[in-house]
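**Student:** Take this sequence and fold it.
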Amino acid sequence: MIGYTDYFVICSGRTDRQVKAIHDAIHEGMKKEHGMLPRRVEGLPEAHWVLMDYLDVLVHVFTPDTREYYRLEQLWGEAPARTVGGQSEAAPAPLSPSRS
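**Tutor:** Here you go, the predicted structure:
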C-alpha cells in the first residue's frame, strides 16, 4: 500500500454543475451514513476536478475533458479497477502494494 490512502474513487460529471452535484451527494451521504466529513476539499469553485480527502479514501470527480487531460487511471494503472454502472471506472479498489 502507499502511505497516504488506501482507495481512489474516480468518477465524472458531464458539466461543472454535475461535478458539484456529485460532490454534494457524496458529502451528504458520507456525513449522514457514516458521520464523516472530508478532511479537505479542493477544486470546488471551478468544479473541473474536485478532490475530496477522506484520509483512507480519495474521491476525484472530473469533467470529461479534465479527466482525459490528467488520466489518473493511467498514472495508477497497476491498481485494480472495478466496473460500475456498466462503465469501467476506478471504484474503491486497493492500490497496488508496489506503489509505495
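**Student:** Name the nearest residue to V57, sequence neighbours excluded.
**Tutor:** Y7 (4.6 Å; C-beta to C-beta, 6 or more residues apart in numbering). All C-beta spots, glycine's among them, are computed from the backbone N, C-alpha and C.
**Student:** That neighbour against L55, yeah?
**Tutor:** No: Y7 is beyond contact range of L55, at 10.3 Å (criterion: C-beta atoms under 8 Å).
**Student:** Which of those two has more residues huddled nearby?
**Tutor:** Y7 (17 against 12; other C-beta atoms under 10 Å).
**Student:** Please name the bridge partners of the more buried one.
**Tutor:** V57, P94 (DSSP bridges).
**Student:** pLDDT wise, what is it at?
**Tutor:** Here, the pLDDT recorded for Y7 equals 85.
**Student:** And for E73?
**Tutor:** At E73, pLDDT is 83.
**Student:** Give me the distance between R14 and D56.
**Tutor:** With distances taken as C-beta to C-beta, to the nearest Å, R14 is found 28 Å from D56.
**Student:** what ranges do the helices span in the protein?
**Tutor:** For the chain, helices defined by DSSP state H occupy the ranges 16-34, 64-70, 72-75.
**Student:** Select, out of these, the one closest to G85.
**Tutor:** Closest of these to G85 is helix 16-34, at 12.8 Å (criterion: C-beta to C-beta).
**Student:** same question for that closest one, mean pLDDT?
**Tutor:** 98.
**Student:** Now that helix - C-alpha only, CSV.
**Tutor:** The C-alpha coordinates for helix 16-34 follow below in CSV (Å, rounded to 0.1, in the frame of the first residue of the first chain):
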residue,chain,number,x,y,z
ASP,A,16,-19.2,21.5,-13.7
ARG,A,17,-22.8,21.7,-12.3
GLN,A,18,-22.9,17.8,-12.3
VAL,A,19,-19.5,17.7,-10.7
LYS,A,20,-20.7,19.9,-7.9
ALA,A,21,-23.9,17.8,-7.5
ILE,A,22,-21.8,14.6,-7.3
HIS,A,23,-19.6,16.3,-4.6
ASP,A,24,-22.7,17.4,-2.7
ALA,A,25,-24.2,13.9,-2.8
ILE,A,26,-21.0,12.2,-1.6
HIS,A,27,-20.5,14.8,1.1
GLU,A,28,-24.1,14.4,2.4
GLY,A,29,-24.1,10.7,2.1
MET,A,30,-20.8,10.3,4.0
LYS,A,31,-21.9,12.7,6.7
LYS,A,32,-25.4,11.2,7.1
GLU,A,33,-24.5,7.5,6.8
HIS,A,34,-21.0,7.4,8.3
